[in-house]
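# Give me the fold of what follows.
(2 chains)
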Amino acid sequence: MPSRILISDPTLRDGSHAIKHQLKKEDIALYSKLAEEAQVPILEIGHGNGLGASSLQLGTSLISDIEMIEESKKHLKNTKLGIHVIPGFATIKRDLNSAIDAGVDVIRVASHCTEADITKRHIEYARNREKEVYGVLMMSHMAPASILVEEALKMKSYGAQGIIIMDSAGAYLPANVREKIRTLVHSLNMPIGFHAHNNLGMAIANSIAAVEEGAVIVDATIRGFGAGAGNAQLEILVAVLQQMGYETDVDLYKLLDAADIVEKSFVTIPYVTSSSIVSGMAGVFSGFSKPVERIAKEYNLDPKDIFFELGKRRVVAGQEDLILEVAVNLSQLR
Amino acid sequence: MKKIRVAILGSGNIGTDLLIKIQRSKYLECSLFIGRNFDSPGMIKARGLGVQTSDRSIQAIIDNPDVCDIVFDATSAADHKVHAPILKELEKKVIDMTPAKIGEMCIPAVNLHECLDYDNVNMVTCGGQASIPLAYAIGLIHDNVDYIEVVSSISSKSAGAATRINLDEYIETTENALSFFSGCEKTKTILNLNPAHPCIDMQTTVFALVQKPDIERLRAKVDEIVEQIQNYVPGYQLLIPPTIENDRLVIMVKVQGAGDYLPSYAGNLDIINCAGIAMAEEYAKKYFL
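A predicted model of the protein is given here:
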């Protein structure tokens, strides 16, 4: 059994969703310092949907990707700085190249879980720039384990040094996580990671299930600050892993202090709303939560109805424009 | 009636779908279908339709320049850069389906007639064909367009290997063309692939930030332009007419294909091919008939 777990903390990336991508420079400075002090190994930063994703479609960031990276980098020494990159949003020339120039250490190139071949050039480019590169399969609940293995193998062949599967909709139960992680660990012979969302209250349980099946990278955020119902709560995860005898390198005491500090600052504490539960059941991307709330209000609709309809259409992350179309359709049906 | 002879370079999905569409054209006939491998599905399809085929790529036209007046290049951007000077030398009208960006950008609903003055036109991208007429309408009605963004979702099955490896070029080409046709400097393009079964139709949303939106005039202009596009792309439909939501101007369209070589969900291939054929027919009418 592996005894060391690599913690990757997307507080300043997934958390952006929770505050409509309005992270301020001082928020970034504050949390970067605290993460460094608590010896968090990787801190991920950016728009909720990653590099180059600031848009009318997904919400515009308060400050640019590069400003975020530069601000965070100022306060980091041992903690590595990571970014999430989705081809189709971020291009190499416009976005990735300058992010690497600005000092990013870890590049996580992501695609919808069945579309790994779109990550080839971005992974190869980041490897050529001698960065630590992971492949990320988003919305992984939408494909069976055998397909996830095929897609992960593609990313591995492009040069990814590990694969993270995301439960982007918070749809998994522990048994689902066990089956998928077990299959990936046995088929891939490389580090496998897991990224949880808490729509069904399973974020910690699912992360632990992943670790027990051999996952060695786990994503978690301070106070669970993240899209929709939030992520696995970092302080809990580190505490539980410690109780179970795993090493994380994180200083739990300082991390707990950090959580107390940031919850008085920019971190809003997520809770599992009724529509988050529906979003998890319908398997809809957690990042849809804020725009669904807004559009439901504008069109006087029940957000639950919108989530179920989006689930029926099998929408993927990035298709936020469909929320409006679904709302217009539902309001015409009345 | 006399038909004008066209050659299709490239026997992949785009080339083969063009071939089938040309069978229906009143003005065009395919005199040579050119690939690299006689056993590829496209080449087999062409022979099945009784169309002459060659596996010698551009050399087939060099060796027999009288075989056609118009050439569709449906190979790749890198190959088109090689083909373009050769075809110019041979005085062919060239419709470039690749993202090589050598010729004049052509969006039939916007600049079909202006393009007749050029002997090499570029069909931009599928997302560009779906969105640029709408972006053009936004630019036409408004003086101050601060920003235009285009989001397209296409079914995974309709995105071939070339599309997938060239996402960055797709984005860059579409963004440049959006700026060119709308007059708005700041543009952004996003592409999503969706693997759902049954396959989703191509859907494109245009967002804009406009200082004083004139929704009434824009709606009238968009209706007019949509009708114009429907003349050459029958499966083009307006889903959401110009609407203001959350301070964004939003227009949404859907494109269903004709179901020629690929099923109807491949509206992305259909729209760029329909646009290319509209241009070829215009060349035929002006220069050769």
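# Contact partners for the nearest residue to A:T11 once chain neighbours are set aside?
Excluding its sequence neighbours, the residue lying closest to A:T11 (Cβ to Cβ, 6 or more residues apart in numbering or on different chains) is A:T221, at 4.2 Å. No exception for glycine: its C-beta is placed from N, CA and C like everyone else's. By Cβ atoms under 8 Å, 6 or more residues apart in numbering or on different chains, the contact set of A:T221 is A:D9, A:P10, A:T11, A:D14, A:G15, A:G230, A:N231, A:A232, A:Q233, A:L234.
# need the contact list for the last one.
Spelled out, that is A:L234. Applying Cβ under 8 Å, 6+ apart, the residues near A:L234 are A:I7, A:D9, A:T11, A:V40, A:A220, A:T221, A:I222, A:R223, A:G224, A:L255, A:A259.
# picking up where we left off before, list phi and psi for the residue nearest to A:T11.
Main-chain dihedrals, A:T221, degrees, to the nearest 10: phi -130, psi 160.
# How about it: which residues does it bridge to?
When bridges are called by DSSP bridges, A:T221 pairs up with A:Q233.
# Looking at the contacts of A:L234, which are in strands?
A:I7, A:D9 (DSSP state E).
# tell me which of the contacts of A:L234 is nearest to A:G280?
Proximity of those to A:G280 was ranked by Cβ to Cβ; the top entry is A:G224 with 14.1 Å.
# Please list the residues of chain A that sit near chain B.
Proximity of chain A to chain B, by Cβ under 8 Å from any Cβ of the partner chain, involves residues A:55-57, A:87-89, A:91-94, A:112, A:114-115, A:117-118, A:120-121, A:142, A:294-295, A:298, A:313-316, A:318-319, A:321-322, A:324-325, A:328.
# Narrow these to those in strands?
Using DSSP E, the members of the residues of chain A next to chain B that fall in strands are A:H112.
# Selecting buried members of the residues of chain A next to chain B in ChimeraX, what would you type?
With 16 or more other Cβ atoms under 10 Å in any protein chain shown as the criterion, this ChimeraX line picks the buried residues out of these:
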select /A:55,56,57,87,88,89,91,92,112,114,115,117,118,120,121,142,294,295,313,314,315,316,318,319,321,322,324,325,328
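# right, and A:E298 touches B:T243 too?
No - counting by Cβ atoms under 8 Å, A:E298 sits too far from B:T243 to count as a contact (10.8 Å).
# Name the residues of chain B found near chain A, please.
Residues of chain B lying close to chain A by Cβ under 8 Å from any Cβ are B:147, B:149, B:151, B:153, B:156, B:161, B:164-165, B:167-168, B:171-172, B:188, B:190-196, B:200, B:203, B:205, B:207, B:209, B:239-240, B:245-246, B:248, B:250, B:252.
# residues contacting A:E247?
By Cβ under 8 Å, 6+ apart, the neighbours of A:E247 are A:S3, A:R4, A:I5.
# A:V250 is in contact with the second one, correct?
Yep, that's A:R4 we're talking about. No - between A:R4 and A:V250 there is no contact under Cβ under 8 Å: 11.4 Å.
# the more surrounded of those two?
A side-by-side neighbour count of A:R4 and A:V250, using other Cβ atoms under 10 Å in any protein chain shown, places A:V250 first with 24 against 10.
# Let me know whether the more buried one touches A:V238 as I believe.
Yes - counting by Cβ under 8 Å, A:V238 is a contact partner of A:V250 at 4.9 Å.
# for the residue of the stretch 51-200 of chain B at minimum distance from chain A, helix, strand, or coil?
Here the stretch 51-200 of chain B gets closest to chain A at one residue, B:A196, 3.7 Å apart by Cβ to the nearest Cβ. Assigned by DSSP: H, G, I helix; E, B strand; the rest coil, the conformation of B:A196 is coil.
# Nearest residue to it in space, please, no chain neighbours.
Using Cβ to Cβ, 6+ apart and skipping the chain neighbours, the partner closest in space to B:A196 is A:R314 (3.7 Å).
# per-residue pLDDT, that neighbour?
As predicted, A:R314 sits at a pLDDT of 95.
# now swap in B:M1 and tell me
So, for B:M1, pLDDT stands at 76.
# what touches both of A:V250 and A:V238?
Taking Cβ under 8 Å, 6+ apart as the criterion, A:V250 and A:V238 both touch A:I7.
# one step back: the contacts of A:L234 into a markdown table, with extra columns for distance to A:S279?
Shown next, in a markdown table, are the contacts of A:L234 (distance: Cβ to Cβ, whole Å):
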| residue | distance to A:S279 |
| --- | --- |
| A:I7 | 26 |
| A:D9 | 23 |
| A:T11 | 21 |
| A:V40 | 28 |
| A:A220 | 20 |
| A:T221 | 18 |
| A:I222 | 22 |
| A:R223 | 20 |
| A:G224 | 15 |
| A:L255 | 28 |
| A:A259 | 25 |
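# so which of the contacts of A:L234 comes closest to B:F181?
Nearest to B:F181 among the contacts of A:L234, counting by Cβ to Cβ, is A:T11 at 41.3 Å.
# Any idea how many residues pack against that closest one?
Neighbour tally, A:T11, other Cβ under 10 Å: 33.
# Contacts only, for it.
Applying Cβ under 8 Å, 6+ apart, the residues contacting A:T11 are A:Y31, A:A35, A:L43, A:E44, A:T221, A:I222, A:F225, A:G226, A:L234, A:V267.
# so how far is chain B from A:V267?
Distance, A:V267 to chain B, by Cβ to the nearest Cβ, to the nearest Å: 25 Å.
# What does that residue show for phi and psi?
phi -80, psi 120.
# residue boundaries of the strands in the stretch 101-250 of chain B?
Applying DSSP state E, counting those that start in this stretch to the stretch 101-250 of chain B gives strands spanning B:104-105, B:120-122, B:145-155, B:187-194, B:202-210, B:236-245, B:248-255.
# Compare those strands and give me the one nearest B:E216.
Per Cβ to Cβ, nearest to B:E216 of the strands of the stretch 101-250 of chain B: strand B:236-245, 9.1 Å.
# Can you give the distance of that closest one from its chain's centre?
21 Å (Cα atoms, centre = their mean, to the nearest Å).
# List the buried residues of it.
So, applying 16+ other Cβ under 10 Å, buried residues of strand B:236-245: B:Y236, B:Q237, B:L238, B:L239, B:I240, B:P241, B:P242, B:T243, B:E245.
# For it, which helices and strands make contact with it?
helix A:321-333, helix B:215-232, strand B:248-255 (3 or more Cβ pairs under 8 Å, 6 or more residues apart in numbering or on different chains; DSSP states H and E).
# Mean neighbour count, the ones you listed: which tops it?
strand B:248-255 (a mean of 23; mean count of other Cβ atoms under 10 Å in any protein chain shown).
# Direction-wise, compare it with strand B:202-210 and give the angle.
Angle of strand B:248-255 versus strand B:202-210, following axes from the mean of the first three to the mean of the last three Cα atoms, to 10 degrees, is 160 degrees.
# Nearest to B:Y27 among the helices and strands packed on strand B:236-245 would be which one?
helix B:215-232 (12.7 Å).
# Can you name the residues in contact with the closest one?
Here helix B:215-232 makes contact (Cβ under 8 Å, 6+ apart) with B:108-109, B:133-134, B:136-138, B:140-142, B:236-238, B:241-244, B:249, B:251, B:253, B:274-275, B:277-278.
# got it, and stretch B:239-255?
A:56, A:294-295, A:298, A:321, A:324-325, A:328, B:130-131, B:134, B:138, B:201-210, B:213, B:215, B:218-219, B:222-223, B:226, B:233, B:235-238, B:267-268, B:270-271.
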